[in-house]
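In: Provided below for reference: sequence and predicted model.
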Amino acid sequence: MYIPAHFAASPQTVQNLLASPGAANLVTMTDQGLLATLLPVVFNPAVGKCGALQAHMARNNPQWSLAPVGEALAIIQGADDYILPSWYASKAGHGRVVPTWNYSTAHVYGELVVHDDAAWLGRHVRHLTGLHEGGREDPWAVDDAPEKYIAGQLRAIVGVELVITRIDAKEKLSQNRSAADAEGVAAGLRAAGREASAVERVRP
């Protein structure tokens with residue numbers, strides 16, 4: 001990934017991208033070409049030296065059974081937004097502004113390990129479900145469903161774990177603009193209903 005120095009993500013940003021429950025694109029090069037699947041992932045810091053991203057995919061998906069050539073790659077995408085030139089204070093001053101896109105992303109590389117056993121998968125889906133159901137008024141749990149049904153569902157999936165070897169991360173959040181321009185971007189995002197991006201993502 002091309003990362004200019006002023007857009008290099010901080011260690012805290014990397015940790016936030018890894019730890020936030022969400023999905024990532026798993027990309028592998030195989031002897032049949034590139035394969036990619038969007039998967040819900042969970043970060044487990046206790047695996048290996050750098051942690052691991054744990055996920056699952058349909059058993060019928062060929063990606064898990066085709067050995068990667070070299071490292072596998074997971075692409076994690078944080079918040080991203082179209083930035084209007086009219087949000088920049090400098091537009092009124094000199095007019096030398098163009099649209100751009102603000103975003104944060106991490107490219108996570110590592111060794112892909114396949115888990116084709118019910119015990120690992122059971123722990124994984126319970127943990128994944130807990131992350132997304134936790135805090136809800138009436139949370140659903142895996143064990144709310146009949147045991148035989150869950151057993152059948154687990155047989156239809158395969159676990160995949162990306163044991164992390166390195167991470168490239170980028171945070172393009174108006175760092176190359178003046179404080180007034182960055183403040184204008186934050187105000188524009190708020191007006192567009194993107195409060196989280198305005199508060200957490202814009203860096204004057």
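Out: Structure received.

In: Check this structure and tell me which residue is nearest its centre.
Out: Centroid-nearest residue in the chain: Ile76, 2.7 Å away (criterion: CA atoms, centre = their mean).

In: my guess is that one contacts Ala24, does it?
Out: Yes: between Ile76 and Ala24 there is a contact under CB atoms under 8 Å: 4.7 Å. In short, each C-beta sits where N, CA and C put it, glycine included.

In: where are the low-confidence patches of this structure?
Out: The model of the chain has pLDDT under 70 over residues 196, 199-204.

In: Would you map the strands across it?
Out: Using DSSP state E, the strands of the chain run over 22-30, 33-44, 52-58, 72-83, 100-115, 157-172.

In: among those strands, which is nearest Gly122?
Out: strand 157-172 (9.9 Å; CB to CB).

In: Return the set of buried residues in that closest one.
Out: Under the neighbour-count criterion of 16 or more other CB atoms under 10 Å, strand 157-172 has 157-164, 167-172 buried.

In: For that strand, enumerate the helices and strands it packs against.
Out: Applying 3 or more CB pairs under 8 Å, 6 or more residues apart in numbering; DSSP states H and E, we find strand 157-172 packed against helix 11-19, strand 52-58, strand 72-83, strand 100-115, helix 118-133.

In: Relative to Ala198, which of these is closest?
Out: Nearest to Ala198, of the helices and strands packed on strand 157-172 and by CB to CB, is strand 72-83 at 9.1 Å.

In: shared neighbours of Ile76 and Ala24, anything?
Out: 41, 108 (CB atoms under 8 Å, 6 or more residues apart in numbering).

In: how many other residues sit next to the residue nearest to Val125 when sequence neighbours are not counted?
Out: Of all residues not flanking Val125 in the chain, Val142 sits nearest, at 5.8 Å (CB to CB, 6 or more residues apart in numbering). Val142 has 16 neighbours, counted by other CB atoms under 10 Å.

In: How about the contacts made by Val142?
Out: 122, 125-126, 129, 150.

In: can we see that at 10 Å?
Out: By CB atoms under 10 Å, 6 or more residues apart in numbering, the contact list for Val142 reads 122, 125-130, 133, 150, 153-154.

In: Can you tell me which of the residues you listed is nearest Leu34?
Out: Nearest to Leu34 among the contacts of Val142 is Leu128, at 25.8 Å by CB to CB.

In: ok, back up a step: could you export the buried residues of strand 157-172 as JSON lines, including distance to Gln32?
Out: Formatted as JSON lines, these follow (distance: CB to CB, whole Å):
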{"residue": "Ile157", "distance to Gln32": "21"}
{"residue": "Val158", "distance to Gln32": "18"}
{"residue": "Gly159", "distance to Gln32": "22"}
{"residue": "Val160", "distance to Gln32": "17"}
{"residue": "Glu161", "distance to Gln32": "22"}
{"residue": "Leu162", "distance to Gln32": "20"}
{"residue": "Val163", "distance to Gln32": "23"}
{"residue": "Ile164", "distance to Gln32": "25"}
{"residue": "Ile167", "distance to Gln32": "27"}
{"residue": "Asp168", "distance to Gln32": "26"}
{"residue": "Ala169", "distance to Gln32": "29"}
{"residue": "Lys170", "distance to Gln32": "30"}
{"residue": "Glu171", "distance to Gln32": "34"}
{"residue": "Lys172", "distance to Gln32": "34"}
